[in-house]
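Visitor: Fold the following for me, if possible:
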Amino acid sequence: MRLIPLYLHLILLTLGNAFLLTLVAVYLSAQGAPAAQIGLVGSAFYLGMLGASFFADHFIQRLGHVRALVVCCLVLALAALALTWTALLPLWLVLRVLAGMAAAIGFVAVESWVLGVSPLHKRSAAMARYMLIYYFSYGISQLFIDWIPTSGSTGFFIATGLCLLSIVPLRWAKQPDLEVQTAGEPAASKPPRAERALGLVGCLVAGMLLGTLSSLMPIQLEQLALGDEVGLYMAWLILCGMAFQLPNGRLADQFGKRSMMAVQTAMIAVGCVVLWEFDGKGALLLAFALLGAGGFTLYPTTMSYACGKMQGRALVKMAQKLMFTYSIGSLTGPMIAGMMLEKFQSGLFLFVILLVSGWALWLLMMRLLADKPVGTTI
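Guide: Numbering: from 1, shown residues only. Model (predicted):
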């Protein structure tokens, strides 16, 4: 019950901000912008996230979680509204950087809040509930692309209104005390360096994957002559990721987070092979289901794995480091995938195949170097 205002805030803010992420790509494509330029604008958002990851913890500590979230909502709303005032690419890049900074601080505040007030042995399940709400809102927001005209300013006004409306539930939110330790649980401690490294690399890969899917999947679908169903396929991709959140959280707490990382990697790989080798709507829906279920659960699993039993300021700082690596991935992923998309008709799928192959190799190396079977570390 204590997290209901936070979750309501998250729903409204995600509806506005996630809709805007896809709207920007579709709007620029309709204006005739090349894929590389669209990828650059998408990367600007994640560049802002990267920049904010250097000071997010200090910002949150100074203002508190609630006031920090209010400021982030205001910045996101103004940055969305200002996109309707100009068509100059440099100004769009600046506005998307500012929006990315606000979003990053918001993510660090919400995620450290959710992890900090959850029992240590149920953090994967807590992150699963958080991601379930987030991706549900994200998936619904993608349907706006089919419902709302994307050639004018209407979509930007709606995104602005939702970001402003998300401030209202924070009126009933209570500032969390992340220093309080749950009775009967061991003292907070950092996980071993190898585990933190694996979690950081996992967030990097998740950032590259999710940043690319969010920014360029609509363009890939248009190149495959599926432009009339962009919103439907994007919603299906995200809703499949949402549906696997709670099972993933329970399985990660029960069998180990590294085991679930291996399962997620296999799901993404199989989904990419299906996309690459088979045609038809049935194969596309199956591939998107696997890609969404595996790709959209990688971030919460690696994050809860890297945070270990941390509490308080250490937890906020670790969330900031994870956001830093996630932002680097989100920044570089769309740029690389955008260049591949210009050279190959299915360039985005090729990029995902190469990315997941490298991640699978890293998981194998960490298992061999740490001399621990996958799944024994929780």
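Visitor: contacts and neighbour counts: CA atoms only from here.
Guide: OK.
Visitor: State the distance from L285 to L198.
Guide: When distance is defined by C-alpha to C-alpha, to the nearest Å, L285 is 31 Å away from L198.
Visitor: A283 now?
Guide: Taking C-alpha to C-alpha as the measure, A283 falls 32 Å from L198.
Visitor: would you list every one of the strands in the stretch 1-150 of the chain?
Guide: Shown for the stretch 1-150 of the chain, no strands are assigned by DSSP state E, counting those that start in this stretch.
Visitor: show me where pLDDT drops low in it?
Guide: 1 (pLDDT under 70).
Visitor: All the helices of it, in order from the start?
Guide: For the stretch 1-150 of the chain, helices defined by DSSP state H, counting those that start in this stretch occupy the ranges 4-30, 35-52, 56-63, 65-82, 89-116, 123-147.
Visitor: So for A283 and L198, which sits in the more crowded spot?
Guide: Between A283 and L198, L198 has the larger neighbour count (other C-alpha atoms under 10 Å), namely 19 against 15.
Visitor: My read is that the more buried one contacts S304, right?
Guide: No: the pair L198 / S304 is not scored as a contact, 11.4 Å apart, by C-alpha atoms under 8 Å.
Visitor: So for S112, what's the nearest residue that isn't a sequence neighbour?
Guide: V316 (5.5 Å; C-alpha to C-alpha, 6 or more residues apart in numbering).
Visitor: What about that neighbour, how many residues nearby?
Guide: 27.
Visitor: Equivalent analysis for T150, please.
Guide: Residues lying near T150 (other C-alpha under 10 Å) number 18.
Visitor: Then Q61?
Guide: Burial measure for Q61: 13 neighbouring residues, criterion other C-alpha under 10 Å.
Visitor: Please apply the same query to L89.
Guide: The burial count for L89: 12, using other C-alpha under 10 Å.
Visitor: same check, this time on M366
Guide: 17.
Visitor: Then L143?
Guide: Counted with other C-alpha under 10 Å, L143 comes out at 19.
Visitor: Now do the contacts for it.
Guide: Contacts for L143 (C-alpha atoms under 8 Å, 6 or more residues apart in numbering) come out as 231-232, 235.
Visitor: swap in A35?
Guide: A35 neighbours (C-alpha under 8 Å, 6+ apart): 29, 219, 338-339, 341-342.
Visitor: if I look at the nearest residue to T86 once chain neighbours are set aside, how far off is L76?
Guide: Nearest residue to T86, sequence neighbours excluded (C-alpha to C-alpha, 6+ apart): W92, at 7.8 Å. When C-alpha to C-alpha is applied, the distance between W92 and L76 equals 13 Å.
Visitor: Of the two, which one has the most company?
Guide: L76 (27 against 22).
Visitor: Tell me the spacing between the residue lying closest to the more buried one once chain neighbours are set aside and I60.
Guide: Spatial nearest neighbour of L76, chain neighbours left out: A99 (5.1 Å); criterion: C-alpha to C-alpha, 6+ apart. Applying C-alpha to C-alpha, the value for A99 to I60 is 17 Å.
Visitor: re earlier: in TSV: the contacts of L143, plus pLDDT.
Guide: Conversion of those to TSV gives the following (pLDDT from 0 to 100):
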residue	pLDDT
G231	72
L232	79
A235	77
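Visitor: most centrally placed residue in this protein?
Guide: Nearest residue to the geometric centre of the chain (C-alpha atoms, centre = their mean): L210, 5.9 Å.
Visitor: name the element that residue belongs to?
Guide: Assigned by DSSP states H and E, L210 belongs to helix 193-223.
Visitor: Show me what counts as buried in that helix.
Guide: Under the neighbour-count criterion of 16 or more other C-alpha atoms under 10 Å, helix 193-223 has 195-196, 198-222 buried.
Visitor: Then stretch 274-287?
Guide: Neighbour-count burial for stretch 274-287 flags 274-275, 284-287 (criterion: 16+ other C-alpha under 10 Å).
Visitor: Relative to G161, which of the residues you listed is nearest.
Guide: Nearest to G161 out of the buried residues of stretch 274-287 is L285 (C-alpha to C-alpha; 32.5 Å).
Visitor: Check which helices and strands the helix or strand hosting the closest one is in contact with.
Guide: Using DSSP H and E, L285 maps to helix 281-307. Contacts defined by 3 or more C-alpha pairs under 8 Å, 6 or more residues apart in numbering; DSSP states H and E place helix 281-307 against helix 123-147, helix 193-223, helix 230-243, helix 245-255, helix 257-277, helix 312-343.
Visitor: With L284 as the reference, measure out to V274.
Guide: Taken as C-alpha to C-alpha, the span from V274 to L284 is 8 Å.
Visitor: residues contacting C72?
Guide: 102-103, 105-106.
Visitor: Would you format those as CSV with neighbour count and distance to L364 included?
Guide: Shown next, in CSV, are the contacts of C72 (neighbours: other C-alpha atoms under 10 Å; distance: C-alpha to C-alpha, whole Å):
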residue, neighbour count, distance to L364
A102, 25, 36
A103, 25, 33
I105, 26, 33
G106, 25, 33
